[in-house]
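**Q** only geometry, no sequence info:
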């Protein structure tokens, strides 16, 4: 039983000591390994070239890690709603969420032209390198883009299969499928709004928050917690409290990611720093910076942060970062993150979760937002 810690007497024995959220983030790894092994075996039966080049790269990306936050938040939702005992199904939901994340990362890297992911070449970059190494015909980039789209689709198919299998075996399967369907639609909507904003040059604060919520906040925290709660048969009041907590924590996570994208260390983030600035991603950070620069009459900062700035002579990521510091945008975003973290903790407390689970959620919020529980009013 995966919901309980085994004793030293053997794997079949358990004690009444439920896993914590960090335990769940670790416990999902063997679940993922089993799922990947099954799918890789099936892929090889279909075609060994496809299995090696496409399915193998999906599995490699998933195995390369990540924080497994979605699994941990699903676990928190399940426990907050009274989930106890065998946690196999919630870990399977966590594994499905990690596969969905792989789909999102692969497709996002293609659309953004990102070279790195999790400290290694992005899937489309790796496929282009394979094309050149094997002296294949045609454009390596066009081949890689097409193959990476297929890899992302495959990750989504694996995620759908696992979630559906879990839902069919659960008395709450209809609720699980409803949450899952909504989450997939929100992800696509958020990705499109991101593309649309870049194409139209939209940089408003409201637009940036909409994109951050749809593209990241919902499927990172709110929907995983709602899936966990649904698996436990939570009532409407509990689900509403968890949704509110998850939306705030998820948005705090995305705003922190925006800051890391502009000011972080590539050795820690596993992706290039400044890429979001240079490519003019419609982030909340950039929108706030442009608004503050305009209000202060800082023409240099407006020029650096406005749409199309990256193509102008003399514009560098370093100067853009300096403008964000000078206008106070970085401080504003830090304050917004802290406020979201506080609200997330208060909303989670309304769910009726016991103190141990509230503390675990607070630790997860700290990991996601970079704001410590004590700074976010703590958990009493």
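**A** Sure thing, it's come through. Source: prediction; values computed, not measured.

**Q** stretch 226-237: end-to-end distance?
**A** Distance across stretch 226-237, first residue to last, is 12 Å (CA to CA, to the nearest Å).

**Q** now do the buried residues in that stretch.
**A** Buried residues in stretch 226-237, counted by 16 or more other CB atoms under 10 Å: 226, 227, 228, 229, 230, 231, 232, 234. (C-beta placed from N, C-alpha, C; glycine too.)

**Q** now, which of the residues you listed lie within strands?
**A** Where the buried residues of stretch 226-237 are compared with strands, as defined by DSSP state E, there is no overlap at all.

**Q** now do the phi/psi pair for residue 135.
**A** Note on residue 135: its backbone torsions stand at phi 50, psi 50 [degrees, to the nearest 10].

**Q** quick one: the residue nearest to the spatial centre of the chain from residue 208, how far?
**A** Nearest to the geometric centre of the chain sits residue 220, at 4.5 Å (CA atoms, centre = their mean). The gap separating residue 220 from residue 208 is 16 Å, by CB to CB, to the nearest Å.

**Q** next, the residue nearest to the centre of the chain: secondary structure please.
**A** Using DSSP: H, G, I helix; E, B strand; the rest coil as the criterion, the local structure at residue 220 reads helix.

**Q** give the contact list for it.
**A** When contacts are counted by CB atoms under 8 Å, 6 or more residues apart in numbering, residue 220 is found next to 69, 70, 73, 250, 253, 254, 368.

**Q** could you dump these into TSV and include pLDDT?
**A** Written out in TSV, the entries for these read as follows (pLDDT from 0 to 100):
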residue	pLDDT
69	93
70	95
73	97
250	96
253	94
254	94
368	92
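
**Q** most neighbours, which of those residues?
**A** Neighbour tally across those (other CB atoms under 10 Å): the maximum, 34 neighbours, falls on residue 73.

**Q** which pLDDT does the model give the closest residue to that residue other than its chain neighbours?
**A** For residue 73, ignoring the flanking residues on the chain, the nearest one in space by CB to CB, 6 or more residues apart in numbering is residue 224 at 4.4 Å. We note a pLDDT of 97 for residue 224 in this prediction.

**Q** including distance to residue 123, could the buried residues of stretch 226-237 go into JSON lines?
**A** Formatted as JSON lines, these follow (distance: CB to CB, whole Å):
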{"residue": "226", "distance to residue 123": "29"}
{"residue": "227", "distance to residue 123": "26"}
{"residue": "228", "distance to residue 123": "29"}
{"residue": "229", "distance to residue 123": "33"}
{"residue": "230", "distance to residue 123": "31"}
{"residue": "231", "distance to residue 123": "31"}
{"residue": "232", "distance to residue 123": "35"}
{"residue": "234", "distance to residue 123": "36"}
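
**Q** which ones among those residues map onto helices?
**A** By the criterion of DSSP state H, membership of these in helices covers 226, 227, 228, 229, 230, 231.

**Q** make TSV out of those and add distance to residue 291.
**A** Converted to TSV, those look like this (distance: CB to CB, whole Å):
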residue	distance to residue 291
226	33
227	36
228	37
229	37
230	39
231	42
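
**Q** nearest to residue 329 among those?
**A** Of all these, the one sitting nearest residue 329 is residue 226; the distance, using CB to CB, is 32.0 Å.

**Q** hang on, that closest one packs against residue 244?
**A** No. In terms of CB atoms under 8 Å, residue 226 does not count as a neighbour of residue 244; the distance is 10.9 Å.

**Q** all strands for this protein, in order.
**A** According to DSSP E, the chain carries its strands in the segments 4-6, 14-18, 116-117, 120-121.

**Q** got the confidence number for residue 270?
**A** On pLDDT, residue 270 comes in at 63.

**Q** again with the one 10 residues further on
**A** Note on residue 280: pLDDT of 80.

**Q** same question, residue 314
**A** The model reports residue 314 with a pLDDT of 62.

**Q** repeat for residue 26
**A** Among the per-residue scores, residue 26 holds a pLDDT of 93.

**Q** how about the nearest residue to it, chain neighbours excluded?
**A** That would be residue 68: by CB to CB, 6+ apart, it lies 7.8 Å from residue 26.
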